[in-house]
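Participant: predicted model, plus sequence, below.
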Amino acid sequence: MLKFLHFTLFLLIAVSGLAAQQSGKKQLLLLYQGPDGHPKETHEYEAGLKILTALLQKAPGLEPNMVRADEPWRDGPDLLAKADGVVIFLAEGAKWLHQDPKRLAAFGEVAKRRGGLAALHWAMGTREAKNIDGFVALFGGCHGGPDRKYKVLKTDARLPEPKHPIARGLADFSARDEFYYTLKFPKDHKIEPILQTQIDGNWETVAWAWQRPDGGRSFGFSGLHFHENWRMPEYRRLVAQGVLWTMRVEIPDKGLDVNLK
């Protein structure tokens with residue numbers, strides 16, 4: 001029965017992808033996993049991406065499709081081959097990316113096609129340093145290795161690049177979250193800081209945009225530990241517009257409508 005359900009889900013996704021291609025819409029995969037052992041109301045991957053999907057459906061020319069990507073996720077490379085962009089919101093994403101060579105190669109092909117790539121919270125993470133470089137080469141930033149830093153606090157958040165398209169409709173705000181900081185970024189290609197938070201007296205970059213050398217775009221946000229933060233319009237706008245930017249979808253001058261009805 002489980003194999004039948006798995007095949008049915010794959011078939012539905014494939015049909016949806018074909019419909020998106022026929023309609024001229026860009027296909028966006030939003031990848032999530034089941035519970036990872038964190039307390040309830042934290043690391044709520046599926047619930048968070050349901051909110052993000054509802055927001056992205058307001059943007060013209062985009063077809064968002066949620067897909068559960070628990071291991072071994074054998075269908076992953078085939079699904080990625082049809083994608084114009086990917087959002088990952090799952091556990092220890094940099095490790096997950098490297099667990100299957102075919103998966104890593106498939107993400108590389110998305111990047112070569114100038115596809116959009118976005119990572120949220122623990123999806124940009126790895127405990128082992130060996131997974132950092134490959135992830136950074138695709139997503140532009142990583143919370144990785146034994147020297148990685150994170151802190152739960154309520155703090156001020158500012159927009160260092162207020163004219164960036166992702167920042168449209170946003171203003172400085174405050175938030176309580178578990179932020180990853182002192183992230184690893186590309187050494188030879190500068191990222192653009194989109195959001196910085198005050199941590200231990202320093203302004204730390206917690207969201208970034210990156211014009212990749214391959215011509216594609218990547219976005220990351222290290223917040224979203226607590227599911228309740230999706231209630232904040234600033235969070236919904238930041239994440240949704242970050243994804244739209246990676247997909248080269250025009251962001252309204254006053255920002256995307258992020259009201260949830």
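Facilitator: Good, I have the coordinates.
Participant: phi and psi next, for the residue nearest to the spatial centre of the chain.
Facilitator: In the chain, the C-alpha nearest the mean C-alpha coordinate belongs to residue 119, at 2.7 Å (Cα atoms, centre = their mean). Main-chain torsions, residue 119, degrees, to the nearest 10: phi -130, psi 140.
Participant: wait, what's in contact with it?
Facilitator: Neighbouring residues of residue 119 by Cβ atoms under 8 Å, 6 or more residues apart in numbering: 87, 88, 89, 93, 139, 141, 218, 219, 220, 221. Heads up, the C-betas are built off the backbone N, CA and C, glycines and all.
Participant: burial of the closest residue to residue 246 other than its chain neighbours, as a residue count?
Facilitator: If the residues on either side of it in the chain are set aside, residue 246 comes closest to residue 116, at 2.9 Å by Cβ to Cβ, 6 or more residues apart in numbering. When neighbours are defined as other Cβ atoms under 10 Å, residue 116 has 27 of them.
Participant: what's the answer for the one 5 residues further on, then?
Facilitator: Applying other Cβ under 10 Å, we find 28 residues neighbouring residue 121.
Participant: tell me the SS of the residue nearest to it when sequence neighbours are not counted?
Facilitator: Of all residues not flanking residue 121 in the chain, residue 224 sits nearest, at 4.4 Å (Cβ to Cβ, 6+ apart). Taken by DSSP: H, G, I helix; E, B strand; the rest coil, the conformation at residue 224 corresponds to coil.
Participant: need the pLDDT of residue 224.
Facilitator: Note on residue 224: pLDDT of 98.
Participant: look up how far residue 182 lies from it.
Facilitator: 18 Å (Cβ to Cβ, to the nearest Å).
Participant: between these two, which one's more packed in?
Facilitator: residue 224 (25 against 13).
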